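Enquirer: Build me a model:
(chains A and B)
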Amino acid sequence: MSLSPFLALLLVPMPAMGAFLLLGLGPAHLERRAVQTVGMLGAVAPMAVMLPLGAYCLAGVCDGVQPIFDLTVGDAVVALALKLDPLSALVGVTVTAIGACVITYSVDYMAKAEVPDQRRYFALMNLFLASMLCMVLAGDSIVLFLGWELMGLCSFFLIAYHVTSARAIAAGRKAFLITRVADALLLAGLLLLFLEAGSVRLDALIPAGIATDEVRRGLIAALLLGGALGKSAQIPFHTWLPSAMAGPTPVSALLHSATMVAAGAFLLARFAPFLQAAPLVMAATAVFGAATALFGAVSAVFQKDIKRLLAYSSISQIGFMLLAIGLGAPEVAIAHFVVHAIFKSLLFLSAGDMTQMARGTTDISAMRGALWARPLAYLAFVAGAASLAGIPVITAGWFSKEAILAAAWLAGPFGVLLWLVAMAAAVMTAVYAFRPVFVGLTRIDRPRPTVGGLFTNVPVVALAIATFAVAPLVEPMVAFLGGVPPHPPRAVELLGAAAPFLGMVMAAALTFVPRLSMRVSRARRLRSGIRIDGIYQVTFVQPFVGLVRWLTGQKGGIADPVGTLPILGAERLTAAVVRPFAHDPLDRGWSRFSAGLVRGWAAGRRLQTGRARDYALALAFGLALILLIAWGTTWR
Amino acid sequence: MALTALIVLPLLGGVAALLAPRLGRDAERWLSIGLLAVALIALVVAWTGAPPEDAPGEQWLAMVRYQYAPALGLQFLLAMDGLSAALVAVSLVLGIISVIVSWNIRKDSGLFHACLLWTVAASNGVFLSMDLLFFAFFWELMLVPSFLLISIWGHGDREAVALKFLVFNAVAGLGLLAGVFWMAATAPEITFDAFVFAEMGIPPVAQVWLLLGFALAFLTKLPAPPLHAWLPDAHTMAPTAGSILLAGLLLKTGAYGLFRFPGMLFPDGFHVLAPFGLALGAFGTIYGAVLACGQTDAKRLVAYTSVAHMSIVLMGLAGGVHFAMMGAGVEMIAHAFSASALFLLIGALYDRVGTRDLRELGGLMQTSPRFAAAFAVFFSAALAMPGTANFLGEALVITGMFQVNWVLAAIALVSLVISVVYATRLLKRIIFGVPSRACVTQDLDWAELGPIVVLATGTLLFGLLPQLLLVVLEPAVDAALAPLARP
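Expert: Sure thing, here's the model as predicted:
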């Protein structure tokens, strides 16, 4: 067997996995520097492996599978493999780059934490990254699901990073539980596909899925969509993401931009050829995507907390990606995935840098005067916000969002409806993107400009440059993935270009007109995500808690009623069968007999008088009796 | 020969352990470990030896046939296939682990180790015997040492709990015994040979009744609701080693019985009763998981998760399709590792802080990081994270359920979701949070870490390289399913 260049695929997740193992199982005492170095190397090395692979792919050889090992279960062959194709190459490069930036940034951000906490943090971040890479590079459904599910586990531990905070733990559990529902749906979908195909290779699954009957195909596609909606925090599963802000900011940066949340969009893009065979599910994807895009954008406008604002922003942006996938343009969705990964991690990292000054609070007001207090981070944030809002021509965000809007416009009358929704969402996006920017402009007293450390600034600056540098690359990206960049009529394109400016004006109004900003801060219902949480409380959580309390006897009943059934049955049986025999009837007979005997003896004892004449009399009677009998026997 | 040693060595070793404390300090402990290690070698010898010539099937790896009492038709008939080999290996490893974790037991230490060895011997007897009278004998024999373990070295209300355990299982065992005798009586010549019973063509109606009798014994051991009430009590009150053997061996004997005999002896009965088994499994997996969510005693919580997971095994066994049966086999092994490890950890915690009440624990991550890491690993196993053997087992069972009935697959998936609730609850209450006063304690020492590492290795090894386990189980599963195939 000759050495295939795709062998390098195996190396991509390895450094991150190795860093996890080293930090998790390594020597009991590690220096702070050692922890930071291992953590950082584990995250940077995958990029060093992935970039040449991406270049190799660009050079033209971009379709390869690297087998890991085969399993046989009965007739089915479970052939695990990694796969390099344009999709996995592009997303792989993005994920490794973002992962390297975020984890490098963490070195400074987490510098004040205790060494064991830091160790846990870097170990989990590396595992998180490795899981996402497994999922992205997976050539079969098992490795894909492995990465998918391990991300849920990592996100639980990372969201609950502050282990003494009840709020953080609750947020972690909520995130884990909701995404686990999604995992279950995805697992069901993948297993059904496996049963159809008799193989787990994606190359075999998708054709086999397309070849099945319509009902089954629709069901499997719906299950995959359900999985993606849950993981990507789309309506109606979105509630976990805003709560998940309890974790450290770099965790959010990684979770939102390149891993976990974005994974849902990647999954659908991966299975896009299959989904396209189920038109109903495609339509549903588009509708859910558009609805979530608008809902997320509107909710984001009313947030007070910068991290929650960015959370709703991710919900909304991934809605855009789903919209594109639903419209049959997964290439465009992935281009937006890449651009979103860059600007969203940039926004989180720069916002984290700015708010770190504000003693723990992440309220938007903590950003006041950021331009003067933390100029570099502020400018980077502005770059990110510009891309998020889609400022035309110079930012990457404009190109990718414009492509999605174009795809909607070109998709017939239904598409135009979705285009309207998406346009509204685009305007609202600019509103929420620029609100923190304008807050940062307000003057404060005695500004003292500071800059963060090297590890903070290098990733932030690199990402800020990337938001602009990637702009001309968006269309080539779509072409690289095998799609055709859509172009709507010029007038529609101009409308799309006007949207961010309209949003900016509204944002300025909301920030600087006191009456309006008061209104915004009072809109509590819109802030809390249309109360879906409350609905879940009433429909799922409370009945479940009630059931648990009833079954464990905390409501005054019997604990474990079903388990008690045999015991109750045995007690009934005892009452019915054993008790009548408790005073054994046979035994009663015997004791009556013995009592009779005793009475007989007592009576017989009276005969023993001890007087000679009584005995003589009895003797005489007896003799007479014998003689009488003897005489009687002589008759004949 | 080597097969006989697997049973006889620990059986006689138990007697020796009874006397060993007179030889010197810790003599009985080293003796037990040594004997079990020798038995492990015997297992390897039996496993790798040439396949038996007189075996009635391809799947048998080793066999011993010895006329024990020919006049009664009683043979000492042992046979080992892939599943029994794997289970015997697990029982020997868990035996060694339970000796190591009870190093500080001083009360009647000789008898304690005798009980451990006898439990291992009896469960090995169950896993290997194909003469059903011996099978039933070992089945009942298993109860005695466990009864003693709970009632002498247990916690709390131990006598009552030990009695409950004994009564439940002894009564249920009668079903098995009655079935065995009925079959012996109707056989052409008196025998207890399972292979003869399999050939003799039991009438379908009788098969249903016989299977009911057998299943009563097996389902109680498994345990499936509503026959599970003994398990949470027994687990909670048993000493750590007792909990490990209960979870790792005793529950597996029930699953093993359901794996081995319904298909082999009662294929017609199986087809009649399998839907009920599936329903029972589906009910049990949700019921156990929901109850686990509400427990305040850490050991009880894990005990109810055992009900949930073994119900998944039941679903796999009753499914009668290849994937599900494989999944059940894998899940048996995986659960033996993960549940034992959780009991070990909770036992170690209890020894240190004197409470298992979840409301009083907390903060282990800050006071003892290794403890917390070990909890996190087996937490993932309890959740059936991909990469653990538990995931392999459950995924295979769910795959099989999709072939049987989609509703059942959906129920198993719901149970997978509920597992997040109880597992995160365990984690939240034990390793997260502010360190409670009870939890300021020393970290795991090497004697505890060793077994944990072994169990974690098993869980992850079979999870990441499943072929190791699948190859072993495959022939056994094929053979178990062969009689079920309908013409």
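Enquirer: Can you point out the buried residues in the helix ranked longest in chain B?
Expert: Counting by DSSP state H, the longest helix found in chain B is helix B:322-353. By neighbour count with 16 or more other C-beta atoms under 10 Å in any protein chain shown, helix B:322-353 contains the buried residues B:322-350, B:352-353. For glycine as for every other residue, the C-beta is placed from the backbone atoms N, C-alpha and C.
Enquirer: Which residues does stretch A:431-438 contact?
Expert: A:297, A:300-301, A:303, A:306, A:309, A:312-313, A:351, A:364, A:367, A:381-382, A:385-386, A:388-389, A:503-504, A:506-508, A:510-512 (C-beta atoms under 8 Å, 6 or more residues apart in numbering or on different chains).
Enquirer: Emit the PyMOL select command for whichever of those residues are buried.
Expert: A single PyMOL command is used to select the members of the contacts of stretch A:431-438 judged buried by 16+ other C-beta under 10 Å:
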select buried, chain A and resi 297+300+301+303+306+309+312+313+351+364+367+381+382+385+386+388+389+503+504+506+507+508+510+511
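Enquirer: Just the contacts of stretch A:431-438: which are in helices?
Expert: A:297, A:300-301, A:306, A:309, A:312-313, A:351, A:381-382, A:385-386, A:388-389, A:503-504, A:506-508, A:510-512.
Enquirer: Compute the number of surrounding residues for the closest residue to A:Leu51 other than its chain neighbours.
Expert: Computed as C-beta to C-beta, 6 or more residues apart in numbering or on different chains, the closest residue to A:Leu51 that is not its neighbour in sequence is A:Val93, at 6.4 Å. Other residues within reach of A:Val93 by the criterion other C-beta atoms under 10 Å in any protein chain shown amount to 20.
Enquirer: ok, A:Val93 touching A:Val49?
Expert: No. The pair A:Val93 and A:Val49 does not pass the contact test of C-beta atoms under 8 Å, sitting 10.5 Å apart.
Enquirer: B:Pro475 in helix, strand or coil?
Expert: Secondary structure assignment for B:Pro475 (DSSP: H, G, I helix; E, B strand; the rest coil): helix.
Enquirer: hang on, it packs against B:Gly82?
Expert: Yes. Contact criterion C-beta under 8 Å: B:Pro475 and B:Gly82 qualify, at 5.7 Å.
Enquirer: tell me, what's touching these two both at once?
Expert: B:Gln59.
Enquirer: the more surrounded of these two?
Expert: Between B:Pro475 and B:Gly82, counting by other C-beta under 10 Å, B:Gly82 is the more crowded of the two (23 against 17).
Enquirer: measure that one to chain A for me?
Expert: For B:Gly82, the distance to chain A equals 14 Å [C-beta to the nearest C-beta, to the nearest Å].
Enquirer: State which helix of chain A is the longest.
Expert: Determined from DSSP H, the single longest helix within chain A is helix A:166-197.
Enquirer: is that one up against chain B anywhere?
Expert: Yes. Using C-beta under 8 Å from any C-beta of the partner chain, we find that helix A:166-197 touches chain B at A:166, A:169, A:172-173, A:176-177, A:180-181, A:183-185, A:187-188, A:191-192, A:194-195.
Enquirer: Just the mean pLDDT for that helix, thanks.
Expert: The pLDDT scores in helix A:166-197 average 91.
Enquirer: Show me which helix or strand of the chain is least confident by mean pLDDT.
Expert: Going with chain A. Here the helix or strand of chain A ranked lowest by mean pLDDT, DSSP states H and E is helix A:524-527, holding a mean of 68.
Enquirer: was after chain B, sorry
Expert: Lowest mean confidence among the helices and strands of chain B (mean pLDDT, DSSP H and E): helix B:364-367, at a mean of 81.
Enquirer: Quick one: name whatever helix or strand follows that helix.
Expert: Once the chain leaves helix B:364-367, the next helix or strand it forms, by DSSP states H and E, is helix B:369-382.
Enquirer: Show me what stretch A:158-173 is in contact with.
Expert: Under C-beta under 8 Å, 6+ apart, the answer for stretch A:158-173 is A:117, A:120-121, A:124-125, A:128, A:155-157, A:175, A:240, A:243-248, A:251, A:255, B:363, B:365-366, B:420-421, B:424, B:428, B:431-434.
Enquirer: before we move on, back to that, report the angle between the axes of the longest helix of chain B and helix A:166-197?
Expert: Relative orientation of helix B:322-353 versus helix A:166-197 (axes from the mean of the first three to the mean of the last three C-alpha atoms, to 10 degrees): 160 degrees.
Enquirer: Which residue is the nearest non-sequential neighbour of the residue nearest the centre of chain A?
Expert: Using C-alpha atoms, centre = their mean, the residue of chain A that lies closest to the mean C-alpha position is A:Thr179, 3.1 Å off. The spatial neighbour of A:Thr179 that comes closest, neighbours along the chain excluded (C-beta to C-beta, 6+ apart), is A:Gly152 at 4.7 Å.
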